[in-house]
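Chemist: how does the following fold in three dimensions:
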Amino acid sequence: MDSESTVTTCYRHPTVECHVRCTRCERYICPDCMREAAVGHQCPDCVKEGARSVRQARTLVGGTVSAVPVVTYALIALNVLVYLAELVRPEIVDRFAMVGAGLLGPDGEHYVWVDPHPWGFTPEGVVDGEWYRLLTGAFLHLPPTEGTFGVFHVVMNMVALWNLGRLVEPMLGRVHYLALYLLSALGGSVLVLLIAPGDAVVGASGAVFGVGAAYYVVARRVGADLAQVNRYMAGLLLWLVLSAVVTSWQGHLGGLLAGGAVALVFAYVPRGDRRVLIQAVACTVLLALLMVATAAKVAGLTSGGAPL
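Modeler: Numbering: from 1, shown residues only. Sure, this is the predicted structure:
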């Protein structure tokens, strides 16, 4: 009778007899449920609870530390896949490029925006409610019809993103980095809309410039070699000047300003329980400002206050 009363079973597997207790909760555990600990063994539930209680390492801006720049790799893969789609369906560029205000003629050609537009011409672009172009244009590149320069465009941007992203993403963390990238891309498109609404613009350059600005801000924040950082920034600004000749300087400048603003908030908000909240609010405010600027420009272009 006494020997039968002392028989114990695993709390997770009632049919398995065992004689070992978890060192934390003192419940009986079988060999399949044993997890080695500093002293004795623990059950799976206590191991999970202990993992949750361990304070995770954080980046300078409060993001989760990640050794592998997964977001950078994913963005590069997405841009390359979209470019391959352009090879198959070149009309994707016309459909999703960043166009602020344009007209599609009855002959299928694209014309400069005028309001009111002639009979038979239909509006296209953000002015026609296609606000998604503000973001989709940042994942397109010059079409293959541009020959070698078209391929050079996507290769140059992806190489720059590869080099910068692998530096900046570990500094910020994946979520912060993705927010920075998207807001930079959006900032570039909005400045194109404000200054050159009739231009058709494609390319990840605006977002890349935003990532570059973030590297400069965060590097100075952590006290990196200023001579090296300043040389890097001089090269970035030189690229901006040269882009005025061959590509959209408005998109580059808009991405640079938006990315710099986001990075300043990320890097200089004081540590504390509300740091992430303050950063999120700042990003939301920037997004709202960009949307208000877009709406105001569209209202001005259409003269009626609403997309045609």
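
Chemist: can you give the domain ranges for the protein?
Modeler: The domain map for the chain lists 2-53, 70-98+131-302, with the assignment taken from automatic domain parsing.

Chemist: quick one: residues contacting residue 114.
Modeler: In this structure, residue 114 makes contact with residue 103, judged by Cβ atoms under 8 Å, 6 or more residues apart in numbering. From N, CA and C alone the C-beta is placed, and that goes for glycine too.

Chemist: could you export the helix or strand residue 71 falls within as PDB, CA atoms only?
Modeler: In the assignment (DSSP states H and E), residue 71 maps to helix 70-88. Output in PDB follows, covering the C-alpha atoms of helix 70-88 (Å, rounded to 0.1, in the frame of the first residue of the first chain):
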ATOM      1  CA  VAL A  70      16.500  40.400 -42.700                       C
ATOM      2  CA  VAL A  71      14.500  43.500 -43.700                       C
ATOM      3  CA  THR A  72      17.300  44.700 -46.000                       C
ATOM      4  CA  TYR A  73      17.500  41.400 -47.700                       C
ATOM      5  CA  ALA A  74      13.700  41.200 -48.100                       C
ATOM      6  CA  LEU A  75      13.600  44.800 -49.600                       C
ATOM      7  CA  ILE A  76      16.300  43.900 -52.100                       C
ATOM      8  CA  ALA A  77      14.500  40.700 -53.000                       C
ATOM      9  CA  LEU A  78      11.300  42.600 -53.500                       C
ATOM     10  CA  ASN A  79      12.900  45.300 -55.700                       C
ATOM     11  CA  VAL A  80      14.500  42.600 -57.800                       C
ATOM     12  CA  LEU A  81      11.300  40.600 -58.200                       C
ATOM     13  CA  VAL A  82       9.400  43.700 -59.300                       C
ATOM     14  CA  TYR A  83      12.100  44.500 -61.800                       C
ATOM     15  CA  LEU A  84      11.800  40.900 -63.200                       C
ATOM     16  CA  ALA A  85       8.100  41.500 -63.400                       C
ATOM     17  CA  GLU A  86       8.800  44.600 -65.500                       C
ATOM     18  CA  LEU A  87      10.700  42.400 -68.000                       C
ATOM     19  CA  VAL A  88       7.500  40.300 -68.400                       C
END
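
Chemist: other residues contacting stretch 15-30?
Modeler: If you take Cβ under 8 Å, 6+ apart as the criterion, stretch 15-30 is touched by 7-13, 31-32, 34, 37, 39-43, 45-46, 50.

Chemist: repeat the analysis, applying 6 Å as the threshold.
Modeler: For stretch 15-30, the surrounding residues in contact (Cβ atoms under 6 Å, 6 or more residues apart in numbering) are 8-11, 13, 37, 39-40, 42-43, 46.

Chemist: and these, which are buried?
Modeler: 10-11, 42-43, 46 (16 or more other Cβ atoms under 10 Å).

Chemist: which other helices and strands contact the helix holding residue 71?
Modeler: Secondary structure elements in contact with helix 70-88, counted by 3 or more Cβ pairs under 6 Å, 6 or more residues apart in numbering; DSSP states H and E, are helix 91-96, helix 148-172, helix 174-195.

Chemist: reformat these as a markdown table; add distance to residue 272, mean pLDDT and mean neighbour count.
Modeler: As requested, these are arranged in a markdown table below (distance: least, Cβ to Cβ, whole Å; pLDDT from 0 to 100; neighbours: other Cβ atoms under 10 Å):
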| stretch | distance to residue 272 | mean pLDDT | mean neighbour count |
| --- | --- | --- | --- |
| helix 91-96 | 41 | 90 | 16 |
| helix 148-172 | 18 | 86 | 18 |
| helix 174-195 | 16 | 95 | 25 |
